[in-house]
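Trainee: here you go, sequence then predicted model.
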Amino acid sequence: MNRPWTSLPAHRTWLAAHARRQASFASAAEHPTSGFAWLDDQGRPDPKQGVHTWITCRMTHVFALEHLRGIPGAGPLADHGVRALSVPRGGEDAGDTGLRDTVHDGWYGSLSADGAPGDTRKSAYEHAFVLLAASSAATAGRPGARELLDDAISVVERYFWDAGEERCAESWDRAWSVPEDYRGANSNMHMVEAFLAVGAATGDPVWAERALGIARFFVHEIAAERDWRLPEHYSAGWEPLPDYNSDQRAHPFRPYGVTVGHMLEWARLLVHLETALPTPPSWLLHDAEAMFEAAVRRGWSVDGGEGFVYTLDWNDRPVVRERMHWVIAEAIAAAAVLHARTGERRYEDWYRTWWDLADRRFADRSAGAWRHELDPEGRPSATVWSGRPDIYHAYQAALLPLAPIRSSLAAGLAKGE
């Protein structure tokens, strides 16, 4: 048997360089006043897009990881993100940094091009990434990050975490007075990632237990009962809504049907969760492998074209056939983690297959960051995404195979792994 790629010095050097190129591309997103901008296909800030909290948080997380890797200049970029997400230490009257709501607390979804609040709803999706960014920056020892993390924990515990249900609410109006009549798997999945990062940063085991509660409901109960077809959308009473957004099938955050990439992302997160628990349940690995297998069987090249389709209907037929960069990135990361956990050759084979595709079709050597979307024939497309605003998935796909399995990438890097 050939040695796994992740054990080969040349491949490891290639991965590290690949991650570095993406972070270098992303450094152009530094916004002069508020966080990180949306980048176009050439890596230039796109002012008309405004500034988004989830992008600012993901960039802050990436640059905190880059600092932990010893990359000069990354620490100040992480600090820029922390400042953009923080309330000035002088108090609310010291000024508003923009993304943080200094009147009602929490974080806006975005700022418009003129710097005014754009999306003023308080969403679990954005708040999960505030937790992740603050955790990574705090682990990296960046100034103000621990205070930001404490603030984010307070908001999430007060408004999103439901201890009785063991999962998170979706969103509120700006004043936290009216919750949205909707619950989502996507935001809860990212809360699992965020909770694991918080637990690693604080040493508090309650966060891994909370992550386990979320995973138990969505994967071990809901997905397992449906042969691993995970509904993404729910009523306020947690009843699945299988027809949700049937008229907006290519929605970037709430698409209709089964989202293949999330099945792969869940598979990886279950293995990370296993490492965070002193006595993890055996179903975590079983369900991770089942989710991975179902995603590959139903979503990989099922329409005659190369790559993963974006979504499927409830009879496993492709709905949105565009190939998203984040899906192949999560496939690579899941294969790497499952191979490291099990040693099974099939995961290594898929890891090689998907890196070959990502390098050939998605990676843009001239620009650095991946093309975000391809059509079913492998040509650049913009049906769902425009520009290249996000390196988080592809960056982690390059970094995760370099390290042992841990609950948090930042915690592993801080230990010198």
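Mentor: Thanks, I have the structure now. Numbers count the residues shown, from 1 in each chain.

Trainee: show me the strands in the stretch 101-250 of the chain, by range?
Mentor: For the stretch 101-250 of the chain, the strands defined by DSSP state E, counting those that start in this stretch occupy 110-111, 122-123, 161-162, 167-168, 171-172, 183-184, 233-234.

Trainee: pLDDT below threshold where in the stretch 1-150 of the chain?
Mentor: Where the stretch 1-150 of the chain drops to pLDDT under 70, the residues are 1, 88-97.

Trainee: if you set the cut-off to 90 instead, what comes out?
Mentor: Applying pLDDT under 90 to the stretch 1-150 of the chain picks out residues 1-2, 33, 87-98, 114-115.

Trainee: all helices for it, in order.
Mentor: 9-26, 53-68, 74-85, 124-139, 145-159 (DSSP state H, counting those that start in this stretch).

Trainee: for the shortest one, packing partners?
Mentor: Identification of packing neighbours for helix 74-85 by 3 or more Cβ pairs under 8 Å, 6 or more residues apart in numbering; DSSP states H and E yields helix 53-68, helix 124-139, helix 145-159. C-betas here are computed from N, CA, C, even on glycine.

Trainee: which of the helices of the stretch 1-150 of the chain sits closest to Ser282?
Mentor: Comparison of the helices of the stretch 1-150 of the chain against Ser282 by Cβ to Cβ identifies helix 124-139 as nearest, at 27.0 Å.

Trainee: specify the angle between that closest one and helix 145-159 in degrees.
Mentor: For helix 124-139 against helix 145-159, the angle by axes from the mean of the first three to the mean of the last three Cα atoms, to 10 degrees is 150 degrees.

Trainee: for helix 124-139, packing partners?
Mentor: Using 3+ Cβ pairs under 8 Å, 6+ apart: helix 124-139 touches helix 53-68, helix 74-85, helix 145-159, helix 185-202, helix 409-414.

Trainee: and those as a markdown table, adding distance to Val178 and mean neighbour count?
Mentor: A markdown table is the format used below for these (distance: least, Cβ to Cβ, whole Å; neighbours: other Cβ atoms under 10 Å):
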| stretch | distance to Val178 | mean neighbour count |
| --- | --- | --- |
| helix 53-68 | 20 | 28 |
| helix 74-85 | 24 | 23 |
| helix 145-159 | 12 | 19 |
| helix 185-202 | 17 | 26 |
| helix 409-414 | 35 | 23 |
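
Trainee: in JSON lines, list the ones you listed along with distance to Pro231.
Mentor: What follows is the helices and strands packed on helix 124-139, written out as JSON lines (distance: least, Cβ to Cβ, whole Å):
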{"stretch": "helix 53-68", "distance to Pro231": "22"}
{"stretch": "helix 74-85", "distance to Pro231": "31"}
{"stretch": "helix 145-159", "distance to Pro231": "23"}
{"stretch": "helix 185-202", "distance to Pro231": "7"}
{"stretch": "helix 409-414", "distance to Pro231": "29"}
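
Trainee: which of the ones you listed sits closest to Gly368?
Mentor: Using Cβ to Cβ, the nearest of those to Gly368 is helix 53-68, at 12.8 Å.

Trainee: averaged pLDDT, stretch 187-203. What do you get?
Mentor: Averaging pLDDT along stretch 187-203 gives 98.

Trainee: end to end, how far does stretch 296-310 reach?
Mentor: Length of stretch 296-310, first residue to last, Cα to Cα, to the nearest Å: 12 Å.

Trainee: give me the mean pLDDT for it.
Mentor: Stretch 296-310 comes out at a mean pLDDT of 97.

Trainee: and that stretch, how far out from the chain's middle?
Mentor: Put simply, stretch 296-310 sits 21 Å off its chain's centre (Cα atoms, centre = their mean, to the nearest Å).

Trainee: name the residues of it that are buried.
Mentor: 296, 298-300, 302, 305-310 (16 or more other Cβ atoms under 10 Å).

Trainee: swap in stretch 382-402?
Mentor: Neighbour count says stretch 382-402 has 384-402 buried, by 16+ other Cβ under 10 Å.

Trainee: before we move on, what about stretch 161-172?
Mentor: Using 16+ other Cβ under 10 Å as the test for burial, stretch 161-172 gives 161, 166-172.

Trainee: over to stretch 285-293?
Mentor: For stretch 285-293, a neighbour-count test (16+ other Cβ under 10 Å) marks 285, 287-292 as buried.

Trainee: from those, which is closest to Ala223?
Mentor: Nearest to Ala223 among those is Met291, at 6.8 Å by Cβ to Cβ.

Trainee: ok, back up a step: can you list which of the buried residues of stretch 285-293 are found in helices?
Mentor: Residues of the buried residues of stretch 285-293 located in helices (DSSP state H): 285, 287-292.

Trainee: got those as TSV, with distance to Pro252 columns?
Mentor: Compiled in TSV, these are given as follows (distance: Cβ to Cβ, whole Å):
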residue	distance to Pro252
Leu285	31
Asp287	27
Ala288	26
Glu289	28
Ala290	27
Met291	22
Phe292	24
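
Trainee: count the neighbours of Ala10 for me.
Mentor: 8 (other Cβ atoms under 10 Å).

Trainee: which one of the helices and strands packed on helix 124-139 lies nearest to Leu277?
Mentor: helix 185-202 (9.9 Å).

Trainee: so what's the gap between that closest one and the chain middle?
Mentor: Offset of helix 185-202 from its chain centre (Cα atoms, centre = their mean): 10 Å.

Trainee: also stretch 47-54?
Mentor: So, by Cα atoms, centre = their mean, the centroid of stretch 47-54 is 17 Å from its chain's centroid.
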